[in-house]
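Enquirer: Predicted coordinates and the sequence they were generated for:
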Amino acid sequence: MSGLELRELECFLVLAEELHFGRAGERLFVSQSRVSQLLAALERRVGARLVHRSSRRVALTPLGERFLERLRPAYGALRAAVADAYVLAAVAAFEAADPARTVDLVEIPYADPFGAVRRGAVDAAVVLLPVDEPDLVLGPVFSRQRQTVAVSRTHPFAARDRVDAADVRAVPLIGAAVPAPAYWRAAHAPGPLP
């Protein structure tokens, strides 16, 4: 693991989703050749091929499949740890600006992202966007993460490389309910498409 590069891991994860070097490069904002370089570096580090490539097809090797299965949750946990640290750093900076102020972190219910602020139970809340509430003020954006569809291994989506909003709209979803505003609920679960 000496010299492990997060960019190599991120590149592998995106390539595993896209199974196309050009599209992976577009998502990572790098060239197709840079995707190849990052993958080659990771494969040298691992000591084996993770991806079969030909002029017409890209596929994960059996080792690549196992690596992907173990890497996804670990990478997700790492991203969550960084996001948590970012929030905690903001809290520390806030407290350092005025030592008389203290911050207590509390969990905001998903289905009621704005209620605690309105009731005065908290002074501020970190919530998912969008926020279009005339009585609330939107502060800095902490993170802009892509949305992910989570399904069981037995769900028909699990065998697919990708799903789009129309696919997701056709299945029952676990989503927020009232009192979360309708526009906010719609932003977090696909609704009718034009």
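Expert: Arrived safely.
Enquirer: okay, CA-based contacts and neighbour counts for the rest of this
Expert: Noted.
Enquirer: Can you read off the backbone torsions of the closest residue in space to Ala124 that isn't next to it in sequence?
Expert: Spatially, and ignoring its direct neighbours in sequence, Ala124 is nearest to Val117 (6.2 Å; C-alpha to C-alpha, 6 or more residues apart in numbering). The phi and psi values for Val117, taken as degrees, to the nearest 10, are phi -70, psi -40.
Enquirer: residues contacting Val117?
Expert: 123-125 (C-alpha atoms under 8 Å, 6 or more residues apart in numbering).
Enquirer: need those residues in JSON lines with neighbour count and pLDDT, can you?
Expert: Output for these, formatted as JSON lines (neighbours: other C-alpha atoms under 10 Å; pLDDT from 0 to 100):
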{"residue": "Asp123", "neighbour count": "10", "pLDDT": "88"}
{"residue": "Ala124", "neighbour count": "15", "pLDDT": "86"}
{"residue": "Ala125", "neighbour count": "17", "pLDDT": "87"}
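Enquirer: Tell me the one of those residues nearest Ala186?
Expert: Ala125 (20.1 Å; C-alpha to C-alpha).
Enquirer: Next, the closest one: secondary structure please.
Expert: State at Ala125, reduced to three classes by DSSP: H, G, I helix; E, B strand; the rest coil: coil.
Enquirer: For this structure, which segments count as strands?
Expert: Counting by DSSP state E, residue ranges of the strands within the chain are 51-53, 58-60.
Enquirer: export the ones you listed to a markdown table and tack on mean neighbour count and mean pLDDT?
Expert: Listed next are the strands of the chain as a markdown table, based on neighbours: other C-alpha under 10 Å; pLDDT from 0 to 100:
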| stretch | mean neighbour count | mean pLDDT |
| --- | --- | --- |
| strand 51-53 | 16 | 93 |
| strand 58-60 | 17 | 94 |
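Enquirer: JSON lines please, covering those strands and showing distance to Ala180.
Expert: JSON lines is the format used below for the strands of the chain (distance: least, C-alpha to C-alpha, whole Å):
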{"stretch": "strand 51-53", "distance to Ala180": "43"}
{"stretch": "strand 58-60", "distance to Ala180": "41"}
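Enquirer: Relative to Arg153, which of these is closest?
Expert: Comparing the strands of the chain by C-alpha to C-alpha, strand 58-60 comes nearest, at 18.0 Å.
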